[in-house]
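Visitor: What follows is a predicted structure for the sequence shown.
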Amino acid sequence: MKTTNQRQAVAATILLFNSATAQSEGVLNIEYLPNTRGYERTIGAGYYQFNDDGFGFYGNAQTTLKKRQPMYQNLTVSSFGDPVTERYKDLNVGDVGITKKISPGVGVYAGLGYASVTGEAQKRDPLQILGNNGTYYVKDPQNDKSGANFNAGIIVLSQHLAFNLGYHSITRSAYFGIGVRL
């Protein structure tokens, strides 16, 4: 049987949660990072929760969707002496952090996450033995990179929509988003 103190603690927690969620709103975004600084474009999503009085939270994730074929896992950039014609950096990133509403129509956010960058190289086989018309892909480890990502941005809120301008430190570039207010 629960004691009076335990019942009061549970009641206070429920009351606090209900009051926080009653004064909060969410934004669900689709986010896009264009080709920039050698990184391939990404697509992703984010959820941003804003409290009218205090801080909220957010989480977002973006990934490069392009898969290059044929990919030869066992070959390297220097295999067969075929020239590298293009280099790519594919990105997977996820972030979490805090939000703050600075006016009824504007919110800001900042947080940390983890990013993984995978390098790939396009090669050209002049004899056209490998790949489609001599074009094939290999891993490019010199462009691999993983680590912490600082993420920050601003969200402008209209009556039903939200417009997001964010920044990833791993790519040192901006991304854009559009979403709906929930």
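Guide: Done, it's in. Numbers count the residues shown, from 1 in each chain.

Visitor: ok, then the element right after the helix or strand of the chain with the lowest mean pLDDT?
Guide: Least confident helix or strand, the chain: helix 4-22 with a mean of 51, by mean pLDDT, DSSP states H and E. Next in sequence after helix 4-22, counting helices and strands by DSSP states H and E, comes strand 24-33.

Visitor: Need the contact partners of the helix or strand just after that following strand.
Guide: Going down the chain from strand 24-33, the next helix or strand is strand 42-51, by DSSP H and E. With C-beta atoms under 8 Å, 6 or more residues apart in numbering as the contact definition, strand 42-51 has outside contacts at 20, 23-33, 56-65, 91, 93, 99-101, 107, 109, 155, 162, 164, 175, 177, 179. From N, CA and C alone the C-beta is placed, and that goes for glycine too.

Visitor: at 7 Å instead, please
Guide: With contact meaning C-beta atoms under 7 Å, 6 or more residues apart in numbering, strand 42-51 is reached by 20, 23-33, 56-65, 91, 99, 101, 107, 109, 155, 177.

Visitor: and what of stretch 64-77?
Guide: For stretch 64-77, using C-beta under 7 Å, 6+ apart, the contacting residues are 40, 42-43, 84, 90-91, 120-121, 131, 136-140.

Visitor: Try it again at 6 Å.
Guide: Outside stretch 64-77, the residues within contact range by C-beta atoms under 6 Å, 6 or more residues apart in numbering are 40, 42, 84, 90, 91, 120, 121, 131, 136, 137, 138, 140.

Visitor: Same question for stretch 146-156.
Guide: Stretch 146-156 is touched from outside by 93, 95, 106-111, 113, 115-116, 162-170, with contacts defined as C-beta under 6 Å, 6+ apart.

Visitor: The residues you listed, buried ones only, as a ChimeraX selection?
Guide: This is the ChimeraX syntax for the buried subset of the contacts of stretch 146-156, where burial follows 16 or more other C-beta atoms under 10 Å:
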select :93,95,107,109,110,111,113,115,116,162,164,166,167,168,170
